[in-house]
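[1] This is the structure alone, sequence omitted:
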C-alpha cells in the first residue's frame, strides 16, 4: 500500500477529529469542504476494520465530479473500485459506497441497509425528510469487530432546500423532542481558511465579494441569516391547513394538473361565492403514462362530484412529432374531459399565490386539507431562483409539481384583462355562461 500524505488546515483537522453524532463543516464557499469530507471518510476506512460508509450528493453529476473521479485517482493501489456498485473496497473489509438522491424518494433505496458513517455533501441540498430517512440507516452494520458509535458528517453552505433544518440544528442550536445539543457540532470554515485557494487563487475572494449583498454575506462570510429563506413565508400550516374542510353548497369544483412522467400532481379544488379556494384532495404519483394519469384522476373523483373543468400545463397541448397526438388528446380520449390550458405566467402566478395565502385580514383566501400531504410538504420547501428574482427555483424538481399545480388552479380563478382588439374597442372579457347559472362569474382567456 502506498503512502498518502495530507496537510489539513486547522478547521479541517477539527473536522477530522470530531466524534460527535452529527458534525457539520463549512458554511461558506471555498472552505475546502469536499476535500475534507472525502479525506475524513477515507481516514475512517483506513483505520477501522470492516466499517461501512455511505457518501451522498444530490445528483449523479455532482457525485462524479466532486468525489468519484478524485477518489479513483487517490485510492489507486489502496482500495479496489467496483464500478457496478459505485463503491471502494479496502483490504481491511472497510467499504465506502457512493450514491445520490436526485428525487425525494431516492433515499428509500437505502432502507434496510446499515452504515456506521453517512456523509451528506452539500447537506442543504437535501430535504429534512431525506435526512431523517437516512438516520434510520445510520446504525451498526455487524461487520466491525470494535465498538464504534454510528455518526453522520455534513458539509454545507447557507441556502438551498434544506436551509432551515441545517440552520436550526447546527447554527441556531434549537432542539426538539429527544434531540440533544451534545450530539451536534459545527465547524465554520471560510475561504480565508483555505490555504490552497489563498495561495493559488486569491482573486476568488474578489469573485465572492462582487456577489449581491445578501448572497455575498452568505457565501463569503457564512452568514446564515443573510439567506432570503422560504419562497412562501406567508404559508402557515396552522393558518392554512385544516383537518376538516366544509365546502359551501354551490361551490364550483375543479381540478389542476401538473403532469410529468417523473411526477403527476393533481389538486381537487373548490371556490365559494367569496372567491375563497379550498384544496381538498391530491394525487401525487410518479411513473404514470398520460392515459394512466387521466384514468387515475377519474378514479379518484367521486361520481357525485360535479367537476367544472380541469386546468393543466400548456405543454400538454403540444403535438408529438412521432405520433401527431398531444397529451391533451391522449388524456381526453382516456376520459378526462373539459380540460383547459393553464396560464403559465410564472412570476405573476406566484404573486397571485402569495395574495391567496395572505388573504383578507385574519382569514386566508386559500384553505388546504391536511389530506394534501405533498402540497403541504412542498410549499415551504420552495426557494428563490438565484438567477430570476421573484421566481421559484426549479430544483429539486420533485418538490415543484404540487406548487405548480396550485399556481395553475389559482390563476384559473383570476380575472384576466385582454388587450384591445383595435384602437376603437375597449378591453374584452369573456363570460362563462355555465358558471353564471350558479350565480358565479368567471373571466377566462378569450
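    On my side now, so go ahead. Everything numeric in this text was worked out from a predicted model, so none of it was measured. Numbering: from 1, shown residues only.

[2] all strands of the stretch 1-150 of the chain, in order?
    22-26, 52-57, 80-82, 87-89, 95-100, 117-120 (DSSP state E, counting those that start in this stretch).

[3] a markdown table please, covering the ones you listed and showing distance to residue 69.
    Placement of C-beta: from N, CA and C, glycine included. As requested, those are exported to a markdown table (distance: least, C-beta to C-beta, whole Å):
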| stretch | distance to residue 69 |
| --- | --- |
| strand 22-26 | 21 |
| strand 52-57 | 13 |
| strand 80-82 | 11 |
| strand 87-89 | 13 |
| strand 95-100 | 11 |
| strand 117-120 | 17 |
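
[4] can you tell which of those strands is closest to residue 262?
    strand 95-100 (15.2 Å; C-beta to C-beta).

[5] and the closest one, which strands flank it?
    Strand 95-100 has its sheet partners listed here by DSSP bridges as strand 52-57 (parallel), strand 87-89 (antiparallel).

[6] Reformat those strands as JSON lines; add distance to residue 363 and mean neighbour count.
    Formatted as JSON lines, those follow (distance: least, C-beta to C-beta, whole Å; neighbours: other C-beta atoms under 10 Å):
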{"stretch": "strand 52-57", "distance to residue 363": "43", "mean neighbour count": "26"}
{"stretch": "strand 87-89", "distance to residue 363": "55", "mean neighbour count": "20"}
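
[7] Which stretch among those approaches residue 117 most closely?
    Residue 117 lies closest to strand 52-57 among the strands paired with strand 95-100, at 4.5 Å (C-beta to C-beta).

[8] what's in contact with the closest one?
    Contacting residues not belonging to strand 52-57 are listed as 37-38, 41, 44-45, 63, 66-67, 94-101, 110, 113-122, 125-126, 134, 137, 141, 143-144 [C-beta atoms under 8 Å, 6 or more residues apart in numbering].

[9] would you list the strands of the stretch 1-150 of the chain in CSV and tack on distance to residue 348 and mean pLDDT?
    Output for these, formatted as CSV (distance: least, C-beta to C-beta, whole Å; pLDDT from 0 to 100):
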stretch, distance to residue 348, mean pLDDT
strand 22-26, 37, 95
strand 52-57, 35, 96
strand 80-82, 50, 95
strand 87-89, 48, 97
strand 95-100, 35, 95
strand 117-120, 36, 97
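
[10] hmm, back to that, buried members of the contacts of strand 52-57 into ChimeraX, please.
    Of the contacts of strand 52-57, the buried ones can be selected in ChimeraX as follows, counting by 16 or more other C-beta atoms under 10 Å:
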select :37,38,41,44,45,63,66,67,94,95,96,97,98,99,100,101,110,114,115,116,117,118,119,120,121,122,125,126,134,137,141,144
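
[11] which residues sit in contact with the spatially most central residue of the chain?
    Most central in the chain under C-alpha atoms, centre = their mean is residue 396, positioned 4.0 Å from the mean C-alpha point. By C-beta under 8 Å, 6+ apart, residue 396 lies in contact with 58, 102-104, 125, 127, 161.

[12] Identify, from these, the entry nearest to residue 188.
    Distances from residue 188 to the contacts of residue 396, taken by C-beta to C-beta, are shortest for residue 125, at 18.8 Å.

[13] Residue 390 versus the closest one, what's the distance?
    Counting by C-beta to C-beta, to the nearest Å, the gap from residue 125 to residue 390 is 22 Å.

[14] Residue 179 too?
    For residue 179, the distance to residue 390 - C-beta to C-beta - is 35 Å.

[15] check contacts around the residue lying closest to residue 130 once chain neighbours are set aside.
    Spatially, and ignoring its direct neighbours in sequence, residue 130 is nearest to residue 107 (4.8 Å; C-beta to C-beta, 6 or more residues apart in numbering). Contact analysis of residue 107 by C-beta under 8 Å, 6+ apart lists 101, 130, 133-134.

[16] Could you do residue 290 as well?
    Counting by C-beta under 8 Å, 6+ apart, residue 290 touches 259, 316, 327, 330-331, 334.

[17] for residue 144, same thing?
    48-52, 116.

[18] Phi first, then psi, for residue 265.
    The phi/psi pair for residue 265 (degrees, to the nearest 10) reads phi -110, psi 120.

[19] Spell out which residues make up each domain of the chain.
    10-219, 237-414, 415-446 (automatic domain parsing).

[20] JSON lines for these, including distance to residue 4?
    Listed next are the domains of the chain as JSON lines, based on distance: least, C-beta to C-beta, whole Å:
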{"stretch": "domain 10-219", "distance to residue 4": "7"}
{"stretch": "domain 237-414", "distance to residue 4": "35"}
{"stretch": "domain 415-446", "distance to residue 4": "64"}
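
[21] Relative to residue 3, which of those is closest?
    Closest to residue 3 of these, according to C-beta to C-beta: domain 10-219, at 9.7 Å.

[22] what about that closest one, how long is it end to end?
    Using C-alpha to C-alpha, to the nearest Å, the end-to-end distance of domain 10-219 comes to 20 Å.

[23] Then stretch 223-242?
    36 Å.

[24] now stretch 101-117
    17 Å.

[25] Stretch 178-191 too?
    Across stretch 178-191, first to last residue, C-alpha to C-alpha, it's 35 Å.

[26] Stretch 324-337 now?
    OK, stretch 324-337 end separation, C-alpha to C-alpha: 20 Å.

[27] ditto for stretch 138-156
    19 Å.

[28] and that stretch, average pLDDT?
    Mean pLDDT, stretch 138-156: 95.

[29] now it: how far from the chain's centre is it?
    Averaged C-alpha coordinates place stretch 138-156 at 27 Å from its chain's average position (C-alpha atoms, centre = their mean, to the nearest Å).

[30] just stretch 391-410 next, same as before
    With C-alpha atoms, centre = their mean, you get 10 Å for stretch 391-410.

[31] buried set for whichever strand or helix holds residue 207?
    In this structure, residue 207 is located in helix 204-209 according to DSSP states H and E. The neighbour-count criterion (16+ other C-beta under 10 Å) identifies 204-205, 208 as the buried residues of helix 204-209.

[32] what is the rounded mean pLDDT of that helix?
    Mean predicted lDDT for helix 204-209 stands at 89.

[33] That helix: what's the following helix or strand?
    Next helix or strand after helix 204-209 toward the C-terminus (DSSP H and E): helix 213-219.

[34] Can you name the next helix or strand after that next one?
    In N-to-C order, the element after helix 213-219 by DSSP H and E is helix 237-240.
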